[in-house]
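Chemist: Output the structure for:
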Amino acid sequence: MVSSEEFRPARRKAVRLTSAELVKTSYFDGRALPLVLEPNGGEVNLVAWAEAHREFVETELGRHGALLFRGFELDTVARFEQFVAATSGGALAYGERSSPRSQVSGHIYTSTDYPAGESIFLHNEQSYNLRFPLKIYFYCLVPPRAGGETPIADTRKILASLPDDVLRRFREDGYMYVRNFGHGFGLSWQDAFQTRSKSDVERYCREHEITFEWRPGDRLRTRQVRPAVARHPRTGELAWFNHATFFHVSTLGASIREQMLGALGEDDLPNNTFYGDGTPVEPEVMEQLRAAYLREKLAFAWRQFDVLMLDNMLASHGREPFTP
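Modeler: Numbers count the residues shown, from 1 in each chain. Here you go, the predicted structure:
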């Protein structure tokens, strides 16, 4: 685990200039993730530059997994949206939701409406979905007074570090993600699926390989089995790409975990994960999985107008506690 205090801009090692020599690149103390891109001495229109160098951006994103654009005058949400459009097919709507977010503009949302004093463990966005974003962007309009880093970790290195005996079971069976809706904890099924129609929910579940069970009191339980390892469609590399660790009850903070278990019991938790055949994952295995993320974890302090662009399959992300 690496803290943000260990990274100081003065210690960066310059790597090279881009072809247009308008943007310089560097690393944090030799760490290959993220690649930091900054103006090379003058003002640079980041949206125009990104449009002209989209292949360069794609190549570097695939190589590093994360790009940090820093020092550009991307000073409004509208300009951030333009940057997203310039480097991708545009922002996606937030579907099959698992955490509360507030809409900022169009398909731009707050990262998550979760208590500021709590940390969010490393994960890959919507890896439990059959359709998930290949890119994810974070934008800092107003830096926090303290904390609030978005730690990241290379999922290729996480995969390479896991013991064979741990990997074997997940490779063979995948993992099962179980959700319970309607007990007052977590999102309601209406919010998660953005509908008030049970038939719409059932149709979505059938189309996305999710088994469902309606329970008394307008409650819903879903189960979906997903692979734990995925091959990147562009780079061809294998990555540890799943929510098996993030949604497991043992990854919750101690106070929240005790509150949830005391009120609901393990069977009715809003989120939990198992091996793909439904059997529990051993506590020692969960400890090994969390340790693998933390070994690769890197965090840096946000600066105003920073944009962090992640390849969602190659880099996991989280959130540190913060003072708003």
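
Chemist: Backbone dihedrals for Phe69, please?
Modeler: phi -90, psi 120 (degrees, to the nearest 10).

Chemist: what's near enough to touch the spatially closest residue to it that is not a sequence neighbour?
Modeler: Spatial nearest neighbour of Phe69, chain neighbours left out: Val307 (4.3 Å); criterion: Cβ to Cβ, 6 or more residues apart in numbering. (Glycine included, C-beta is placed from N, CA and C.) By Cβ atoms under 8 Å, 6 or more residues apart in numbering, the residues touching Val307 are Leu46, Leu68, Phe69, Phe72, Leu74, Phe80, Phe83, Tyr137, Phe138, Tyr139, Cys140.

Chemist: quick one, helices of the protein?
Modeler: For the chain, applying DSSP state H gives helices covering 46-52, 54-64, 77-87, 155-161, 164-173, 189-193, 198-207, 254-264, 283-296.

Chemist: where are the low-confidence patches of the chain?
Modeler: Residues of the chain that meet the criterion pLDDT under 70 lie in 1-20.

Chemist: that older thread, between the helices of the chain, which one is nearest to Phe247?
Modeler: Nearest of the helices of the chain to Phe247, taken as Cβ to Cβ: helix 283-296 at 11.2 Å.

Chemist: re the thing from before, out of the helices of the chain, nearest to Asp277?
Modeler: helix 164-173 (5.3 Å).

Chemist: Which positions within the closest one qualify as buried?
Modeler: Val166, Arg169, Phe170, Asp173 (16 or more other Cβ atoms under 10 Å).

Chemist: show me where the stretch 1-150 of the chain has strands.
Modeler: Using DSSP state E, counting those that start in this stretch, the strands found in the stretch 1-150 of the chain span residues 13-17, 23-28, 31-39, 66-69, 103-105, 108-109, 120-123, 135-139, 146-147.

Chemist: Serialize the ones you listed to TSV and add fields for distance to Arg203 and mean neighbour count.
Modeler: Output for the strands of the stretch 1-150 of the chain, formatted as TSV (distance: least, Cβ to Cβ, whole Å; neighbours: other Cβ atoms under 10 Å):
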stretch	distance to Arg203	mean neighbour count
strand 13-17	50	11
strand 23-28	46	20
strand 31-39	39	20
strand 66-69	36	25
strand 103-105	25	12
strand 108-109	25	18
strand 120-123	27	20
strand 135-139	27	20
strand 146-147	42	14
